[in-house]
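1. I'll drop the sequence and a predicted model, then ask my questions.
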Amino acid sequence: MLIRDNSTPYTLERVEPAIQVAINVVNSEILNSSYRLVPVLRAYDNECNARNGTGLGDSGIFVDKTVYPTLTRFAYCQCHARQVISVIFRKFNWTEVILVVDTEHPQYQILGNSLRDGLQKENIHPHFLDLRLKDNIDKKIDYIRRHSRVVILVVSGDTLREFLLRCYELGHISTGEYVFLEILPFPFPGDYWGNHDWRRGDSRDPDAKKAYEVLLRISLFEPTSENWTNFTELVIREANKTYNFDFKGEQVNFYIGAFYDGVIRYGHLVKQALDLGIHYTDGYSLSRLCWNKTFTGGLPPRLQLRKPKLAQDRVQGNTYSDEIRCCMIRYQVLVLRRTASSLGNT
């Protein structure tokens, strides 16, 4: 099931071409000539024993496997953002933090609530602060000043810029007293995340650039492999051919790749099930073949699926990037490496 809404990163026009590319790979490279994957339209209820996969589920939906017993979520887990933050906090011995969340936008509210609950599991208990573009920003900054010098921002692009500009005007940027961490899973044009660049082509750009120099961004690791590059080119061509959809410079985002990996993994599961004498329609048995396994052959070099208390889901790394000054610290769970990277905002 896919939606048609051009304002979101997981629409039919973006995702279905990746699914078709994956089906072609499964049929030509994984299954033998007696079996083929074909897309069909059919309604399933929650009680059936059908094998299911999704590129969504990052916000905690579908987590209850008593309701979705045969579903694997290939979306990134938002829990890894708080693990990255936990590493940073232990590194610098920070204890107090303000979590600033833009509750005017559902995607930020969901991410903010997930992060708040997750940080508590890491023994970090943030002050939760609601911030919307229409709010009195001075009052919010005063609250921050009285409670912490470490600020985690889960806000829209316009709210972020106004907040940082006001901090700059009040002198909180130049002193070096404050740390500003932003959570932005991946870039996507339009209103879904908003414009998180400091540039607006207005008179405030010079001040905005200086304000953003203190901003540290936590986002999903962006693949750079030849495998990923080839995949994105195939998706862009297929989208244009099938739906006359032009990405227009937009990146092929993580959700699109997650749906592709889901189909590739399903193809391998069908092959494994047939070799073991398991019928390919036995969703429960196919799901259990996924649990606590690491696979190769998808878009990432290694794809780890795990079985927590009630779910089997993908493990995905996060990236921690220093926005203006061209430094990047890459986190894979708790492994820290330093690399050089130009982010283009010089």
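-> Here it is on my side, so go on.
2. Give the closest residue to the residue nearest to the spatial centre of the chain in space, chain neighbours not counted.
-> Centroid-nearest residue in the chain: residue 185, 4.2 Å away (criterion: C-alpha atoms, centre = their mean). The shortest distance from residue 185 to any non-neighbouring residue, by C-beta to C-beta, 6 or more residues apart in numbering, is to residue 220 (5.3 Å). Bear in mind the C-beta positions are built from the backbone N, C-alpha and C, glycine included.
3. how many neighbours does the one you found have?
-> Per other C-beta atoms under 10 Å, the neighbour tally for residue 220 reads 19.
4. Equivalent analysis for residue 33, please.
-> Residue 33 has 6 nearby residues by other C-beta under 10 Å.
5. Need the three-state assignment for residue 117.
-> helix (DSSP: H, G, I helix; E, B strand; the rest coil).
6. same deal with residue 8?
-> Residue 8 - assigned by three-state DSSP - is coil.
7. any residues touching the host helix or strand of residue 142, and which ones?
-> Using DSSP states H and E, residue 142 sits within helix 137-147. The contact list for helix 137-147, computed with C-beta atoms under 8 Å, 6 or more residues apart in numbering, reads 96, 98, 100, 127, 129, 131, 151, 162-163, 166-167, 170, 172.
8. In PyMOL, select just the buried ones from these.
-> Entered in PyMOL, the line below selects the buried ones among the contacts of helix 137-147, by 16 or more other C-beta atoms under 10 Å:
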select buried, resi 98+100+127+129+131+151+162+163+166+167+172
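9. what would the contacts of helix 137-147 look like in JSON lines with distance to residue 199?
-> JSON lines is the format used below for the contacts of helix 137-147 (distance: C-beta to C-beta, whole Å):
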{"residue": "96", "distance to residue 199": "32"}
{"residue": "98", "distance to residue 199": "26"}
{"residue": "100", "distance to residue 199": "22"}
{"residue": "127", "distance to residue 199": "31"}
{"residue": "129", "distance to residue 199": "27"}
{"residue": "131", "distance to residue 199": "22"}
{"residue": "151", "distance to residue 199": "22"}
{"residue": "162", "distance to residue 199": "15"}
{"residue": "163", "distance to residue 199": "17"}
{"residue": "166", "distance to residue 199": "18"}
{"residue": "167", "distance to residue 199": "18"}
{"residue": "170", "distance to residue 199": "22"}
{"residue": "172", "distance to residue 199": "22"}
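10. how about a markdown table for the contacts of helix 137-147, with pLDDT, secondary structure and distance to residue 292 added?
-> What follows is those, written out as a markdown table (pLDDT from 0 to 100; DSSP: H, G, I helix; E, B strand; the rest coil; distance: C-beta to C-beta, whole Å):
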| residue | pLDDT | secondary structure | distance to residue 292 |
| --- | --- | --- | --- |
| 96 | 90 | coil | 37 |
| 98 | 96 | strand | 37 |
| 100 | 97 | strand | 36 |
| 127 | 95 | strand | 37 |
| 129 | 96 | strand | 38 |
| 131 | 94 | coil | 40 |
| 151 | 96 | strand | 37 |
| 162 | 96 | helix | 45 |
| 163 | 97 | helix | 42 |
| 166 | 97 | helix | 48 |
| 167 | 96 | helix | 45 |
| 170 | 95 | coil | 50 |
| 172 | 93 | coil | 46 |
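11. Pull out the buried residues from stretch 115-125.
-> Here stretch 115-125 shows 115-116, 118-119, 124 as buried, counting by 16+ other C-beta under 10 Å.
12. do stretch 179-189 as well
-> Here stretch 179-189 shows 179-188 as buried, counting by 16+ other C-beta under 10 Å.
13. Nearest to residue 156, out of those residues: which one, please.
-> Nearest to residue 156 among the buried residues of stretch 179-189 is residue 184, at 10.2 Å by C-beta to C-beta.
14. and the nearest residue to the closest one once chain neighbours are set aside, backbone torsions?
-> Counting by C-beta to C-beta, 6+ apart, the nearest residue to residue 184 once its immediate chain neighbours are dropped is residue 219, at 5.2 Å. Reported as degrees, to the nearest 10, the phi and psi values for residue 219 are phi -150, psi 170.
15. Check residue 135 too.
-> phi -70, psi 160.
16. okay, it: pLDDT?
-> pLDDT for residue 135: 92.
17. That one and residue 196, how far apart?
-> Using C-beta to C-beta, to the nearest Å, one obtains 19 Å as the distance from residue 135 to residue 196.
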